[in-house]
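Asks: 3D model of this:
(2 chains)
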Amino acid sequence: DAGVIQSPRHEVTEMGQEVTLRCKPISGHDYLFWYRQTMMRGLELLIYFNNNVPIDDSGMPEDRFSAKMPNASFSTLKIQPSEPRDSAVYFCASSPQTGFTYEQYFGPGTRLTVT
Amino acid sequence: GEDVEQSLFLSVREGDSSVINCTYTDSSSTYLYWYKQEPGAGLQLLTYIFSNMDMKQDQRLTVLLNKKDKHLSLRIADTQTGDSAIYFCAENPGGYNKLIFGAGTRLAVHP
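Replies: The predicted model follows:
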């Protein structure tokens, strides 16, 4: 299995621009998570989906952030407009429903820099 | 509330044992986890322990769980330079799929 795939790996953009991060979960996994990691705040859960349906978006910072999962093999996290304080590493993770151990498999992350 | 706390930094000599500690708050968590993050990479699941166990051993790794004190530890025997990384403790409050992570402990291994 290829693991969780994220693109792009690095993104540099100017303040005010729209940014779209992409994620392909592991095939057969029912859960998909978006996290943000910064030095100041550590690892924060932004939103997660179960069977393509958003379950908990309480971690989404504000209306500038939106996430979609149109099908079982693809999800996007969009920031519009972007701000310098959005600079962080964004991780996508997926998890199978079976087994009840709830282990999550992380992608390599997208490092976002907003100037 | 949900909170997982870890010390931020640990330095050990190569060949010694490392012990990374963690405290969590939610007694309803069914599993406790240890994840490892190497530079420039995502988190990788190292091991987990079911909440009704008090110890789990996996090769060089030993996990101890004190449920009464809500204390979790990870012991790495014969620590190697390749073990240098950030180690995250996590719980799953309510026994659900959502994990709460600690801030991570940076382990530095020196010769």
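Asks: so what's residue B:76 bridging to?
Replies: residue B:18, residue B:61 (DSSP bridges).
Asks: confidence score at it?
Replies: If you check residue B:76, the pLDDT there is 97.
Asks: Would you check how far apart it and chain A are?
Replies: 19 Å (CB to the nearest CB, to the nearest Å). (C-beta placed from N, C-alpha, C; glycine too.)
Asks: In contact with that residue, which residues are there?
Replies: Neighbour list for residue B:76: B:17, B:18, B:19, B:20, B:60, B:61, B:83, B:107 [criterion: CB atoms under 8 Å, 6 or more residues apart in numbering or on different chains].
Asks: So what would you say the end-to-end distance of stretch B:7-24 is?
Replies: With CA to CA, to the nearest Å as the measure, the ends of stretch B:7-24 fall 13 Å from one another.
Asks: Next: stretch A:3-13.
Replies: Stretch A:3-13: ends 27 Å apart by CA to CA.
Asks: Show me which residues of it are buried.
Replies: A:4, A:6, A:11, A:13 (16 or more other CB atoms under 10 Å in any protein chain shown).
Asks: Of the contacts of residue B:76, which is the nearest to residue A:17?
Replies: For the contacts of residue B:76, the minimum distance to residue A:17 (CB to CB) is 37.4 Å, reached by residue B:107.
Asks: Residue 43 bridge partners, please.
Replies: Using chain A. Bridge pairing for residue A:43 - DSSP bridges - gives residue A:37.
Asks: wrong one, I was asking about chain B
Replies: The partner residues for residue B:43, given DSSP bridges, come to residue B:37.
Asks: who touches residue B:50 in this structure?
Replies: B:30, B:31.
Asks: In the beta-sheet assignment, what are the partners of it?
Replies: residue B:31.
Asks: before we move on, what about the one 5 residues further on?
Replies: Partner residues in beta bridges with residue B:55: residue B:64, with DSSP bridges as the criterion.
Asks: again, but for residue A:21
Replies: According to DSSP bridges, beta-bridge pairing links residue A:21 with residue A:77.
Asks: returning to that earlier point: in CSV, list the contacts of residue B:76 along with pLDDT.
Replies: Converted to CSV, those look like this (pLDDT from 0 to 100):
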residue, pLDDT
B:17, 97
B:18, 97
B:19, 97
B:20, 97
B:60, 96
B:61, 97
B:83, 97
B:107, 97
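Asks: Cool, thanks, talk later.
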